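Colleague: Return a 3D structure for these sequence lines:
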Amino acid sequence: MKHRAQILAYSGTFVALIAAGSWISIPLPPVPLTLQTLFVLLAGVVMKRYAVIPVALYVLLGAMSLPIFHNGTAGLGVLLGPTGGFLIGFIPAALITGLAYEHESPKYRVAGLIAACVTCLSAGVIWLSYSASVSVLQAILIGVAPFLIGDTLKALAAYTIGKRVA
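Modeller: Numbering: from 1, shown residues only. Modelled structure (predicted):
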């Protein structure tokens, strides 16, 4: 029973943190740079495989028009727009990080964080290319290149914090 209560408490906390991270953004068109990814990765670090729960709940609540996406946006239109792939990519990214953090090995954990970032960026590029009618190369230039340094720093922060809390 304690485990369920812990999952519930962590889920509420991480939904709130991811939503708060969406407000901390640098507006790069068409995809803003936010702190959401950091909290998605941290959910995986802390909650292991169960991190998929708050991240999927975050996406679902935003899709149901609760204004919790970047800068208070909400609704299916956001998921169908250029940022939708990144938001959907948060779900497998959290699961990948969580599964990696079920292992004690730092190699697994680092690989999991890298794979999570690659998964999120890949989902974002695929959807950006489709939704904005641009080539995959253009989508990479728009949706990956500006975020590589930031995502690297976020993964490093998640790993560093994880050494203290996980």
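
Colleague: CA atoms for contacts and neighbours, from now on please.
Modeller: Noted.

Colleague: May I have the secondary structure class of residue 134?
Modeller: Here residue 134 is coil, with the state taken from DSSP: H, G, I helix; E, B strand; the rest coil.

Colleague: Distance check, it against residue 67.
Modeller: Distance, residue 134 to residue 67, by Cα to Cα, to the nearest Å: 28 Å.

Colleague: can you give me the helices in the chain?
Modeller: Per DSSP state H, the chain carries helices over the ranges 2-23, 36-47, 52-63, 76-80, 84-100, 106-131, 136-143, 148-165.

Colleague: Alpha carbons of stretch 85-93, in CSV - could you do that?
Modeller: Below are the C-alpha coordinates for stretch 85-93, written out as CSV (Å, rounded to 0.1, in the frame of the first residue of the first chain):
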residue,chain,number,x,y,z
GLY,A,85,5.9,15.2,-31.3
PHE,A,86,8.2,16.4,-28.5
LEU,A,87,5.4,16.3,-26.0
ILE,A,88,4.4,12.8,-27.0
GLY,A,89,8.1,11.8,-27.0
PHE,A,90,8.2,12.7,-23.3
ILE,A,91,6.3,9.5,-22.6
PRO,A,92,8.7,6.9,-24.0
ALA,A,93,11.6,9.1,-22.8
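
Colleague: and residue 89, how many residues sit next to it?
Modeller: Residue 89: 22 surrounding residues under other Cα atoms under 10 Å.

Colleague: Sorry, wrong one. I was asking about residue 51.
Modeller: If you count neighbours by other Cα under 10 Å, residue 51 ends up with 29.

Colleague: how near is it to residue 67?
Modeller: 21 Å.

Colleague: Backbone dihedrals for residue 74, please?
Modeller: Reported as degrees, to the nearest 10, the phi and psi values for residue 74 are phi -160, psi 170.

Colleague: who's in contact with it?
Modeller: Residues in contact with residue 74 (Cα atoms under 8 Å, 6 or more residues apart in numbering) are 62, 63, 64, 65, 66, 67, 68.

Colleague: Buried by neighbour count, from those residues: which ones?
Modeller: Neighbour-count burial (16 or more other Cα atoms under 10 Å) applied to these gives 62, 63, 65, 68.

Colleague: List the contacts of the first one.
Modeller: Meaning residue 62. 68, 69, 73, 74, 75, 76.

Colleague: from the residues you listed, which single one is nearest residue 32?
Modeller: Of all these, residue 32 sits closest to residue 69, with 10.8 Å by Cα to Cα.

Colleague: So which helix or strand of the protein has the lowest pLDDT on average?
Modeller: The weakest-scoring helix or strand in the chain, judged by mean pLDDT, DSSP states H and E, is strand 25-26 (a mean of 84).
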